[in-house]
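Colleague: Quick one, structure for this:
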Amino acid sequence: MNERIILLETSGSVTSVALAEEGKIVAVRQTEEPRMQASLTAVFIDEVLKERGIGVKDCDAVCLSMGPGSYTGLRVGSSTAKGLCFGAGIPLIAVGTLDVIVAKAIEEGLVPEGCRYIIPMIDARRMEVYTAPYSPEGKRLDEVKALIIDGDSFKQERSEGPVLLVGDGALKCQKVLDGPQTVFAHLYPDAKSMLGPAMAELKARNWRDTAYFEPFYLKDFVATVSAKKLF
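Modeller: Below is the predicted model:
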């Protein structure tokens with residue numbers, strides 16, 4: 001496939017943009033500085049396009065990492081992707097953020113020998129994570145959910161053989177879930193690792209409704225009230 005895809009990952013602490021051409025990543029911009037989605041996403045898009053000497057209208061789709069994850073980051077990514085698609089008249093595709101984490105774990109060779117399950121975890125504060133079990137080949141086996149982790153979490157999966165727990169929510173759970181057949185790995189989703197899932201969506205022509213698309217928040221946004229008195 002010769003399509004060009006703009007890939008946007010803004011769901012977590014990393015802000016990442018990549019450009020894919022002919023099934024390969026050809027340009028990347030990324031920062032690990034937190035909460036930079038609003039200020040850097042558009043800048044990174046402009047830079048990767050200029051690096052290749054093309055415009056948005058020369059691309060065939062925009063792909064968004066749609067969550068779950070940071071409410072603000074997902075809003076920034078979604079509004080940016082929609083703006084690009086509307087302006088250039090190109091389709092929107094989207095991939096689950098847990099799918100991206102699993103794809104990256106497989107790409108980087110983190111899956112242990114004999115692994116029975118990959119369990120990606122996105123930090124959702126305190127001992128809660130966004131998660132779902134996957135096969136070692138990267139197929140999701142159950143619905144994505146917000147789960148409060150305790151010693152019984154994924155007890156059945158962990159009893160069946162080696163399990164890889166991966167993502168920014170995995171290490172904080174290590175003391176609770178540690179065991180002889182449990183491997184932990186910290187990694188974050190990035191735009192480069194969206195390539196495989198994005199190409200699958202593009203091949204299937206699984207276009208999203210640009211006007212009505214909403215990210216996968218999973219939980220409603222809850223605004224907090226500052227304890228500091230302003231007056």
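Colleague: Spatially central residue in this protein, please.
Modeller: Compute the mean C-alpha point of the chain, and by CA atoms, centre = their mean the closest residue is residue 97, 2.6 Å away.
Colleague: tell me the contacts of that one?
Modeller: Residues counted as contacts of residue 97 (CB atoms under 8 Å, 6 or more residues apart in numbering) are 9, 11-12, 65-69, 122, 130, 189, 216. Where you see a C-beta, it was placed from the backbone N, CA and C, and this is true even at glycine.
Colleague: Go again with 6 Å.
Modeller: Taking CB atoms under 6 Å, 6 or more residues apart in numbering, we find residue 97 in contact with 11, 65, 67, 69, 189.
Colleague: Am I right that residue 160 is in contact with residue 114?
Modeller: No - between residue 160 and residue 114 there is no contact, the gap being 10.4 Å when judged by CB atoms under 6 Å.
Colleague: returning to that earlier point: quick check: the residue nearest to the centre of the chain vs residue 144, distance?
Modeller: Separation of residue 97 from residue 144 (CB to CB, to the nearest Å): 9 Å.
Colleague: do residue 115 as well
Modeller: Counting by CB to CB, the gap between residue 115 and residue 144 amounts to 20 Å.
Colleague: residue ranges with poor pLDDT in this structure?
Modeller: Counting by pLDDT under 70, the ranges of the chain that qualify are 1, 220-231.
Colleague: Strands along that one, start to end?
Modeller: Under the criterion DSSP state E, strands of the chain are mapped to 4-9, 15-21, 24-31, 61-65, 92-95, 117-123, 128-131, 145-148, 163-166, 182-185.
Colleague: thinking again about what came up before, now the common contact residues for residue 97 and residue 144.
Modeller: Among the neighbours of residue 97, none is also in contact with residue 144 (CB under 6 Å, 6+ apart).
Colleague: And the protein, what are its domain boundaries?
Modeller: The record's domain parsing of the chain by automatic domain parsing lists 4-96+189-203, 109-185.
Colleague: okay, those in JSON lines with mean neighbour count next?
Modeller: Below are the domains of the chain laid out as JSON lines (neighbours: other CB atoms under 10 Å):
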{"stretch": "domain 4-96+189-203", "mean neighbour count": "20"}
{"stretch": "domain 109-185", "mean neighbour count": "17"}
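Colleague: Save those domains as a markdown table, and put in distance to residue 210 too.
Modeller: As requested, these are arranged in a markdown table below (distance: least, CB to CB, whole Å):
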| stretch | distance to residue 210 |
| --- | --- |
| domain 4-96+189-203 | 5 |
| domain 109-185 | 23 |
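Colleague: Show me the helices in this protein, by range?
Modeller: With helices called from DSSP state H, the chain shows them at 37-52, 71-88, 97-107, 155-159, 174-177, 195-203.
Colleague: measure residue 15 to residue 122 for me?
Modeller: For residue 15, the distance to residue 122 - CB to CB - is 16 Å.
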